[in-house]
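A.B. asks: The following block contains a protein sequence and its predicted model.
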Amino acid sequence: MTAQNLFEKIKAQARSAEDLMLIKRAYDFAAKAHGEQKRKSGDPYISHPLATASELVDMHLDSSTIAAALLHDVCEDTYHSIKDIRKEFGDEIAFLVQGVTKLDKIRYRGTERSAESLRKMFLAIGEDIRVVLLKLVDRFHNMQTLSHLPPEKQKRIALETLEIYAPLAYRLGMADLSGKLEDLSFPHVYSSEYEWLMKEAKETYEDWRKYVERIKPVLTEELVKERIPFTGINARAKHYYSLYKKLLRYGMDVRKITDIVALRIIVPTIEDCYATLGVIHKLWKPLPGRIKDYIALPKPNGYRSLHTTVIGHEERPIEIQIRTPEMHGEAEFGIAAHWAYSEMKRRDTQAYAEGRSSKINARHFAWIEQLREWQKEFEKPEEFLEALKIDFFKDRIFVLTPKGDAFDLPEGSTPIDFAYHVHSDIGNTAVGAKINGKMVALDHILKNGDIVEILKQKNKKPSRDWLKIVKSAQARKKISSFLKHSEGDKKFEKRGGETVEFNLTIRDRVGLLRDVTHMLAKHKINIKKVDTDTKNQKWAALLIHAEGFKNKTEVEKMMVRLKGIKGIEDVSYKLL
Ligand code: MN
């Protein structure tokens, strides 16, 4: 990628003359700053910011982000400081560059120690998603040139990419980038597994590619005959790491995998998608249970398409994916595509008024907001990391409140999970749920797009059994914490435990006992028995059996009051 190529690409996108000027200015500044610096590969250093910027241009990101991409390593690797960037390019670009520099500090080595850094990273997401997109494509280019680094470093960066960056890209809807990052990391992190797969699957890939080439003309002819206005029909090969993970679930038998190479058809509209599906099913018999309508029910990361597996020519199954160009853009660029839409729509107020793109954005931003809220609730970094492993990187569903607020939950979640994600109080007082207007049990499994209404009852408490039902770590944590707090109270109730024995260590004085009994009487606590133990000259023990407490909290309050009485040095209690 040369600067000239980049500028031409940008010109083709109908950006304003000012924008083009800004990007050129950023390039000149960065090229001058990096000067004679070289990458480990021997390439001029500027090739890296250029490649990063180029990816973002393809994603249609705004010109400030493109400029920031060109400048992103200036502060780290040259004599310039962020102040220089701010002076030259203003607050917004300086903010983006600084964000990337901050993310550079993150290191993942496969231990919990890095959770603290992860936190920072996620906070940065909340601050500006463009920083994260920039960081992801920065890493993408670094992974492409990884072979020039020392082996130890290669391994660490690859592991970090596999565990942090690739899942993040996936979660942001950039499945393609995620797959590429995984495939670049795979040989470094699991080298023997990678070698095995290459040996095992090479022929299979070839075989599938050939099969798809044979089947393509047949399908094309049929689509033409049926007047489907398709604009593209391509083969898509499964990413290696994704195949490897699937093989782990399919007994490591490559012959059992039917989507190693799939056909992808692009048609103009959603109606065309369904019409195409009909034509295909007329031509070839679909495999039952393999038709997936991700248009009606998008995947949690926003992915939309129709999938079907049919028994094609030669009695061989083949997966076919059908989507519109818009869906294709989304699948490739994920949240960036939504972002670009909203930018375009913002300019076109008419279209914006219909609110479609803002809805998509609200959904994604709801997730980011949630993530931020979420990490505040974990005291220890390890806890947060554990919750992330369970919740964040797993398949997720989107459900809605009756008002239309979206919540992002792990697959298999129940109305109880939902209730706790909305608010702890709603979770704690839940008695039932309505899904899409119909009553369901609290252990009902939620589906993507469900509208969930929680029925509450005052003074209701969560049941211990809920711990077996809930799916999300967040709900589990909240239930456990409620139960822990009320455990003392429960013991109270179970034992009918009105009688409490206070054990007071006192420095005896005139009127002490009177003060103690007054205090208890004032709060309507009956004294059943008082014992003293004055064997020790200096210190005495006072044992009081009292009743009339409703719960543990009242007892605890009384302890504080007793401790406040002059001469009482120490208070403890037990239930009798
Ligand atoms: Mn960089």
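C.D. replies: Thanks, I have the structure now. Residues are numbered from 1 along each chain as shown.
A.B. asks: How about residue 479: what's its closest non-neighbour residue?
C.D. replies: Of all residues not flanking residue 479 in the chain, residue 462 sits nearest, at 5.0 Å (Cβ to Cβ, 6 or more residues apart in numbering). All C-beta atoms are positioned from the backbone trio N, CA, C, and that covers glycine.
A.B. asks: give me the number of residues near the one you found?
C.D. replies: 23 (other Cβ atoms under 10 Å).
A.B. asks: Wasn't it part of a strand?
C.D. replies: No. Assessed with DSSP: H, G, I helix; E, B strand; the rest coil, residue 462 is coil; it does not lie in a strand.
A.B. asks: quick one: it from the ion, how far?
C.D. replies: Going from residue 462 to the ion by Cβ to the ion, to the nearest Å gives 48 Å.
A.B. asks: And for residue 163?
C.D. replies: For residue 163, the distance to the ion - Cβ to the ion - is 19 Å.
A.B. asks: And what about the most far-flung residue of the chain relative to its centre, helix, strand or coil?
C.D. replies: Distance from the centre of the chain peaks at residue 510, with 64.9 Å (Cα atoms, centre = their mean). Going by three-state DSSP, the secondary structure assigned to residue 510 is coil.
A.B. asks: hmm, back to that, didn't the residue nearest to residue 479 look like it was pressed against residue 485?
C.D. replies: No. Judged on Cβ atoms under 8 Å, residue 462 makes no contact with residue 485 at a distance of 11.0 Å.
A.B. asks: Next, the contact list for residue 507, please.
C.D. replies: The contact partners of residue 507, by Cβ atoms under 8 Å, 6 or more residues apart in numbering, come to 538-540, 567, 569.
A.B. asks: Drop anything exposed from the residues you listed.
C.D. replies: The neighbour count (16 or more other Cβ atoms under 10 Å) marks 540, 567 as buried among the contacts of residue 507.
A.B. asks: tell me the phi and psi of residue 526?
C.D. replies: phi -90, psi 140 (degrees, to the nearest 10).
A.B. asks: wait, isn't it in contact with residue 549?
C.D. replies: No. Assessed by Cβ under 8 Å, residue 526 is found out of contact with residue 549, at 10.1 Å.
A.B. asks: the more surrounded of the two?
C.D. replies: Ranked by neighbour count (other Cβ under 10 Å), residue 526 and residue 549 place residue 549 first, with 22 against 12.
A.B. asks: now the more buried one, nearest residue through space, not along the chain?
C.D. replies: residue 555 (5.0 Å).
A.B. asks: which ones are touching the one you found?
C.D. replies: Contacts of residue 555 by Cβ under 8 Å, 6+ apart are 500, 549, 573.
A.B. asks: Against the ion, how distant is the first one?
C.D. replies: I take that to be residue 500. The value you get for residue 500 to the ion, if Cβ to the ion is used, is 65 Å.
A.B. asks: thinking that residue is in contact with residue 552, fair?
C.D. replies: No. Using Cβ under 8 Å, residue 500 makes no contact with residue 552, being 9.6 Å away.
A.B. asks: okay, these two: which has more neighbours?
C.D. replies: Legend: neighbour count by other Cβ under 10 Å for residue 500 and residue 552, higher for residue 500 (23 against 20).
A.B. asks: ok so, going back, got the phi and psi for the residue nearest to residue 479?
C.D. replies: According to degrees, to the nearest 10, residue 462 has phi -70, psi 150.
A.B. asks: swap in residue 272?
C.D. replies: Dihedral pair for residue 272: phi -60, psi -30, per degrees, to the nearest 10.
A.B. asks: Confirm that residue 399 sits in a strand.
C.D. replies: Yes. Counting by three-state DSSP, residue 399 is part of a strand.
A.B. asks: Could you check how many residues crowd around it?
C.D. replies: Considering only other Cβ under 10 Å, residue 399 is surrounded by 22 other residues.
A.B. asks: For it, which non-adjacent residue is closest in space?
C.D. replies: Distance criterion Cβ to Cβ, 6+ apart; nearest residue to residue 399, sequence neighbours excluded, is residue 450 at 4.7 Å.
A.B. asks: and if you look at residue 273?
C.D. replies: Excluding the flanking residues, the one nearest residue 273 by Cβ to Cβ, 6+ apart is residue 322, at 4.8 Å.
A.B. asks: beta partners for the one you found?
C.D. replies: residue 265, residue 306 (DSSP bridges).
A.B. asks: Touching, it and residue 279? I think so.
C.D. replies: No. Look at residue 322 against residue 279 with Cβ under 8 Å: they stay out of range, at 10.0 Å.
A.B. asks: who's more crowded, those two?
C.D. replies: residue 322 (27 against 19).
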